[in-house]
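Fold the following, please.
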Amino acid sequence: LKEYDNIVRSAHATHSFAGKGPLAHRVLDAHGETEPPCCASSPLAQAVELNGKVLHFGSGFNATTYLHCLEDELDLPYLGAAYCAVRDPDGSVRTVRIEKHLPGCRDFYRKDYWNSKFYTRAVARGLEVKTADLGLGKILLVDLKQLRKIGLELLSEDPEVLLCDSNECHFCSKHRKK
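Numbering: from 1, shown residues only. Predicted coordinates for the structure are as follows:
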């Protein structure tokens, strides 16, 4: 871990997080360099246990990386291994393998995320997405415990709810059973 001005950064090769405060080391130290990006020891997954929230400031629900924690928890088949180059402090480069990485498309990535299958179903199921105007945009706030509960229900009912329906999408069409 690197520490600068009391800000701690996790060691993950592709999905590192930064934090500050009394829980920073507890949350960030647990996530190893080559573990799956959104596994149980990831900062996002741990945030649920700590009553965390996701605050979108300048982004929409389509940037909710936490949804990948649900994919990891349910071991969805489209998560695959990735090989990544890592530059060490001495300047040398090495390759690492990361299991259950996050390849491909997802339906919720769309710009009109409010029309994505997951978002519309989650909101219909009671997911509260609190919004407030900020300048020309909006901020969004989502409770992670509620998102986890509703998300696991939706994915248990339809494991493909996060995949898009486009036949032109090679990734999603390859992984849909329909």
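
drop to CA atoms for contacts and neighbour counts, all remaining ones
OK.

so what's residue 31 up against?
For residue 31, the contacting residues are 10, 11, 12, 41, 42, 43, by C-alpha atoms under 8 Å, 6 or more residues apart in numbering.

Now secondary structure too, for those, in a markdown table please.
Output for the contacts of residue 31, formatted as a markdown table (DSSP: H, G, I helix; E, B strand; the rest coil):
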| residue | secondary structure |
| --- | --- |
| 10 | coil |
| 11 | coil |
| 12 | coil |
| 41 | coil |
| 42 | coil |
| 43 | helix |
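
Run through the bridge partners of residue 54.
Residues in a beta bridge with residue 54, per DSSP bridges, are residue 142.

quick one: it and residue 145 touch, right?
No - using C-alpha atoms under 8 Å, residue 54 is not in contact with residue 145, being 10.4 Å away.

would you list every one of the helices in the chain?
Secondary structure of the chain (DSSP state H): helices located at 24-29, 43-49, 67-73, 117-124, 144-157, 170-175.

Out of those helices, which is closest to residue 104?
helix 170-175 (5.6 Å; C-alpha to C-alpha).

which residues are in contact with the closest one?
Residues contacting helix 170-175 (C-alpha under 8 Å, 6+ apart): 77, 78, 104, 105, 106, 163, 164, 165, 166, 167.

so can I have JSON lines of the helices of the chain showing distance to residue 96?
As requested, the helices of the chain are arranged in JSON lines below (distance: least, C-alpha to C-alpha, whole Å):
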{"stretch": "helix 24-29", "distance to residue 96": "19"}
{"stretch": "helix 43-49", "distance to residue 96": "20"}
{"stretch": "helix 67-73", "distance to residue 96": "19"}
{"stretch": "helix 117-124", "distance to residue 96": "32"}
{"stretch": "helix 144-157", "distance to residue 96": "30"}
{"stretch": "helix 170-175", "distance to residue 96": "23"}
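
Mind putting those helices into a markdown table with distance to residue 92, mean pLDDT and mean neighbour count?
Output for the helices of the chain, formatted as a markdown table (distance: least, C-alpha to C-alpha, whole Å; pLDDT from 0 to 100; neighbours: other C-alpha atoms under 10 Å):
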| stretch | distance to residue 92 | mean pLDDT | mean neighbour count |
| --- | --- | --- | --- |
| helix 24-29 | 23 | 93 | 18 |
| helix 43-49 | 27 | 94 | 19 |
| helix 67-73 | 31 | 97 | 20 |
| helix 117-124 | 42 | 98 | 17 |
| helix 144-157 | 38 | 98 | 17 |
| helix 170-175 | 33 | 94 | 15 |
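
For residue 100, find the nearest of the ones you listed.
Closest of those to residue 100 is helix 67-73, at 6.9 Å (criterion: C-alpha to C-alpha).

Mind listing residues that contact the closest one?
With C-alpha under 8 Å, 6+ apart, helix 67-73 has contacts from 36, 38, 39, 40, 44, 45, 79, 100, 102, 148, 151, 152.
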